[in-house]
Every structure is written in structure tokens, then in C-alpha cells.
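Engineer: All I have is the shape, not the residue letters:
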Ligand SMILES: C[S@@+](CC[C@H](N)C(=O)[O-])C[C@H]1O[C@@H](n2cnc3c(N)ncnc32)[C@H](O)[C@@H]1O
């Protein structure tokens, strides 16, 4: 837990200013359509693993009963404030066992924090165990090995209470022969009273080729597929889906 980026611990209250919930409507709508198409019958329940500040949940909760699992108590607190009607559970996507199944399972960018094939497989196993037969799993990484390019980005927003955040994000690959990449963030944080401070945060995330995503989904029992995002703004991002067969082979 202490290995988690600072953004998901002591800086979690700044998350909605770095990644505003309103920006998730388009991806949430796309994921919902993919899940509906992949499920054998219309889905009513969804488990999100690594649900973070609950930004996707905000746009999915009106049509689906959501259970939101995250490793960070601080991020769960942010999500509870945004989505008080959803069930929140603290857990690790590699080992969480809730003892029940859902119509579909979603892991968005939290999957990036799986830095080895063993971790990725463990997260897929969790998804499989919590998915009902005939249900579907969707996983949406930020990068795949084939199309990864080093990049920089910047952004941020202001809160109604006077706080503001701006960030610079710098993603690079120190070792192209391993399964990790690094994103260094500089956050410039302005408090309500106008004081400002700068914080550095390093996120180490996983990078895997398409065959690994598809192969591990098949290994745990899903019928795998991949899809591209339908709009130009998200060109280059990929989504992987897994249908859980109605009859699981012995
Ligand atoms: C970028 S945020 C997710 C934001 C989310 N997509 C949203 O809609 O708000 C990444 C999240 O992954 C969580 N996370 C990282 N490793 C995890 C693990 N092993 N199990 C569960 N959650 C994890 C972090 O605590 C963090 O909240």
C-alpha cells in the first residue's frame, strides 16, 4: 500500500481536479455498449476493480447496480462522496474475493498498476471468479507495447471552493526490455487561501503486448477480443473484452 502513488494516498482529495468526473461520460457510454453487446442477457450488476475516484461509476450507476473496489481508502472516500448510493469495498484486484458474481466486471486504467504478467493474470482471475456465466469483462489499459510512445501532457482544473490544480505528466520507458514504464507528475496545488505548492509523484505502470492481454484472458477462461475506441480523440487507445462462456469447460 505504501508503494501506491501519492495521488492515491495523501493527495487523493486533489484527484477530481486532475481528472474531472464530467470527462468520463464518453468512455463510460462506450464501455456500457460493449458490455451490453458481450453479455448473453442485459446486464444489471457491475463490479469495478480499481474504481478510484468513481468517475466512471458516476455515469454508469443510473442503469447498473455498482460495487466499487479499490486498494486505497483515500480514493474510496473520494468516490463515496461522489457516489454515495454505490457499494464500496476496500480490496486488491489481485486477491479480492467478494463471494458473489456480477453480470459484468470492469477494470479501467487501474489495470496499469499491474506491472508483471503474474499480477495481470491474478487481476483477470479475480474478474473471472466474479463474473457470472454468460457475463462479460472489459479491461481498458492506457497503453499496449505495440503503440507505446513516450509523451508529455498537461492539464488541471479549479474547484468551486477556490482550490486549483495544474499538472505536467511525462511518460517514458527507462527499459524497453521489461514490462514497466514510468510516469513522472509535477502537481502545482493552489489552496483556498491562495498558497501554492509543488509536488512530485512517480507512477510505475505495466506495459504488455496485445498477445499477452488476449492470451491471459483466454488462460483464465474468457473468450477474448479487442476493440478500438470509436472517436478520434481517443485514437490509439484499445479495449480488451472477455466473454465468460455459459458452460465453462471442465
Ligand atoms: C487512475 S485511478 C482510477 C480512476 C478511475 N478510472 C475512475 O473512474 O475514477 C487508479 C486507481 O487504481 C487503484 N489501484 C492501484 N492498484 C490497485 C490494486 N492492486 N487493486 C485495486 N486498486 C488498485 C488506485 O488506488 C487508484 O485509485
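Structural biologist: Now that the structure is in, tell me what you want to look at. The structure presented is a predicted model; accordingly, all values stated were derived computationally and were not measured.

Engineer: so what pLDDT did the residue in the chain positioned nearest to the ligand get?
Structural biologist: For the chain and the ligand, the shortest gap (Cβ to the nearest ligand atom) falls at residue 52, measuring 2.5 Å. (Each C-beta comes from the backbone N, C-alpha and C, glycine too.) Here the pLDDT value assigned to residue 52 is 98.

Engineer: Now tell me what touches stretch 98-108 from outside.
Structural biologist: Outside stretch 98-108, the residues within contact range by Cβ atoms under 8 Å, 6 or more residues apart in numbering are 27, 31, 35, 38-39, 41, 43-50, 52, 56, 64, 67, 69, 89, 91, 93, 123, 127, 129-132, 135-140.

Engineer: can you do 7 Å?
Structural biologist: Here stretch 98-108 makes contact (Cβ atoms under 7 Å, 6 or more residues apart in numbering) with 31, 35, 39, 43-50, 56, 67, 89, 93, 123, 127, 130-132, 135-140.

Engineer: What subset of those residues is buried?
Structural biologist: Using 16 or more other Cβ atoms under 10 Å as the burial test, these include 31, 35, 39, 43, 45-50, 56, 67, 93, 123, 127, 130-132, 135-140 as buried.

Engineer: so of these, which ones are in helices?
Structural biologist: Applying DSSP state H to the buried ones among the contacts of stretch 98-108, the entries found in helices are 31, 35, 56, 123, 127.

Engineer: Which residues are in contact with the first one?
Structural biologist: So that's residue 31. Contact analysis of residue 31 by Cβ under 7 Å, 6+ apart lists 106, 138.

Engineer: Numbering from 21 from now on, please.
Structural biologist: From this message on, residue numbering opens at 21, which makes the last subject residue 51.

Engineer: From residue 40, how far out is it?
Structural biologist: 18 Å (Cβ to Cβ, to the nearest Å).

Engineer: now do the third one
Structural biologist: Counting by Cβ to Cβ, the separation of residue 76 from residue 40 is 13 Å.

Engineer: do the same with the last one
Structural biologist: Relative to residue 40, residue 147 is positioned 27 Å away (criterion: Cβ to Cβ).

Engineer: Could you report the separation of the residue of the chain closest to the ligand from residue 132?
Structural biologist: From residue 72 across to residue 132, the span is 11 Å (Cβ to Cβ).

Engineer: And these two? Which one has more around it.
Structural biologist: residue 72 (24 against 20; other Cβ atoms under 10 Å).

Engineer: Quick check: next helix or strand after the helix or strand containing residue 96?
Structural biologist: Secondary structure from DSSP states H and E places residue 96 in helix 93-102. As assigned by DSSP H and E, the chain's next helix or strand after helix 93-102 is strand 107-110.

Engineer: Given the very next helix or strand once past that following strand, what are its sheet partners and their directions?
Structural biologist: Next along the chain after strand 107-110, taking DSSP H and E as the criterion, comes strand 122-127. Sheet pairing for strand 122-127, assigned by DSSP bridges, gives strand 65-69 (parallel), strand 151-159 (parallel).

Engineer: Sort out which residues of the following helix or strand past the longest one are buried, please.
Structural biologist: What that stands for is strand 151-159. Proceeding N to C from strand 151-159, the next assigned helix or strand is strand 171-178, under DSSP H and E. Judged by neighbour count (16+ other Cβ under 10 Å), strand 171-178 contains these buried residues: residue 176.

Engineer: Can you name every helix or strand that strand 171-178 contacts?
Structural biologist: Applying 3 or more Cβ pairs under 7 Å, 6 or more residues apart in numbering; DSSP states H and E, we find strand 171-178 packed against helix 35-38, strand 184-192.

Engineer: That'll do, ta.
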